[in-house]
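Asks: Predicted structure and sequence below. I'll ask about it afterward.
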Amino acid sequence: MYGAILGDIAGSRFEFSRPTGFDHRTVTLFGSGCRYTDDTVLTVATRVAVLTGIPYAKAYGRFGRMYRGVGYGTLFQHWLDNHSEKGYGSYGNGAAMRVSFIADHFETLEKVEEEAKKSAVCTHDHESGWKAAVAVAGTVFLARQGTDKKELARYFRRFGYETKKPLWAYRPGAKFDATADGSVPLAFRCFLESTCWETCIRNVFSVKCDTDTVACIAGGIAEAFYGKTVPNEAEILRQYLVQPNALGEFDYYLYQCATGDVPTLP
């Protein structure tokens, strides 16, 4: 799960603009302009739902309304405002980016797939939306079990996704695409062409895309496969997840829910 959160944070500053002279191979991973986004908030909400037994819809609604202004899509924002708990036909990438803890927690592939779909359909009940969540969660689970890249690609293709298109073929004409079908195969390819968690995230930087979400998805797979993210993982998580609230006081709640025992929901 931390690989997904750190991917979101690292990718957040390159979603819509890149500095002059940008080089994905050497740019600092974490720096000025990095922040957590909706990807992190809802990934943490998934962890809380799983550990407490709260329905996924209630957890997403509670966290979404607690942490506003972090980049929710328009349809999800309406879902929050209406206190809805039913899907709205979304085929976006939002369900796929929040499932990594499900893959970390449950003990069989069948249960991971079942829970991933359950977590998705309360918002993303379009087949493209929930299928992406199942594919990502299953891939993370299998990667954590030591499955090699060839077998992971075979599993991923079961969902109808392209796995052989190289990153150099993605780059020309690449653009922001928040659909599941546009984000999930790219995220998987960024993982396939990586040698560690960091190179996976740099692969994401190399393609114009929904950078924070693609890095969140790819980062979750890479962490599961390689077994680590960055040496100062704990320090970075604390630095970015503990932020001032509307009263100017440091809010530790999101950080606590992400890294420790889940405190009582406010």
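Replies: Looks like it arrived, so ask away.

Asks: where in the stretch 1-150 of the chain is pLDDT low?
Replies: Per-residue confidence for the stretch 1-150 of the chain (pLDDT under 70) gives no ranges below the cut-off.

Asks: just the strands in it please.
Replies: Defined through DSSP state E, counting those that start in this stretch, the strands belonging to the stretch 1-150 of the chain form an empty list.

Asks: what does the stretch 151-266 of the chain give?
Replies: The residue ranges that make up the strands of the stretch 151-266 of the chain, judged by DSSP E, counting those that start in this stretch, are 243-244, 250-251.

Asks: Comparing those strands by mean pLDDT, which bottoms out?
Replies: Confidence, taken as mean pLDDT, is least for strand 243-244 of the strands of the stretch 151-266 of the chain (a mean of 90).

Asks: for residue 242, phi and psi?
Replies: Taking degrees, to the nearest 10, you get phi -90, psi 100 for the backbone angles of residue 242.

Asks: Out of the strands of the stretch 151-266 of the chain, indicate the one that is most buried.
Replies: Between the strands of the stretch 151-266 of the chain, strand 250-251 has the highest mean count of neighbours, a mean of 13, where neighbours are mean count of other CB atoms under 10 Å. From N, CA and C alone the C-beta is placed, and that goes for glycine too.

Asks: Centre of the chain to the longest helix along the chain, how far?
Replies: Using DSSP state H to define each element, the chain has its longest helix at helix 127-144. Offset of helix 127-144 from its chain centre (CA atoms, centre = their mean, to the nearest Å): 11 Å.

Asks: If you count neighbours, what's buried in it?
Replies: 128-144 (16 or more other CB atoms under 10 Å).

Asks: if we can go back for a sec, could the strands of the stretch 151-266 of the chain go into a markdown table alongside distance to residue 198?
Replies: As requested, those are arranged in a markdown table below (distance: least, CB to CB, whole Å):
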| stretch | distance to residue 198 |
| --- | --- |
| strand 243-244 | 24 |
| strand 250-251 | 28 |
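
Asks: Between those, which one is closest to residue 232.
Replies: strand 243-244 (18.2 Å; CB to CB).

Asks: which helices and strands does that closest one pack with?
Replies: Where contact means 3 or more CB pairs under 8 Å, 6 or more residues apart in numbering; DSSP states H and E, strand 243-244 is packed against strand 250-251.

Asks: List the pairing partners of the strand it packs on within its sheet, with orientation.
Replies: Its sheet considered, strand 250-251 pairs with strand 243-244 (antiparallel) by DSSP bridges.
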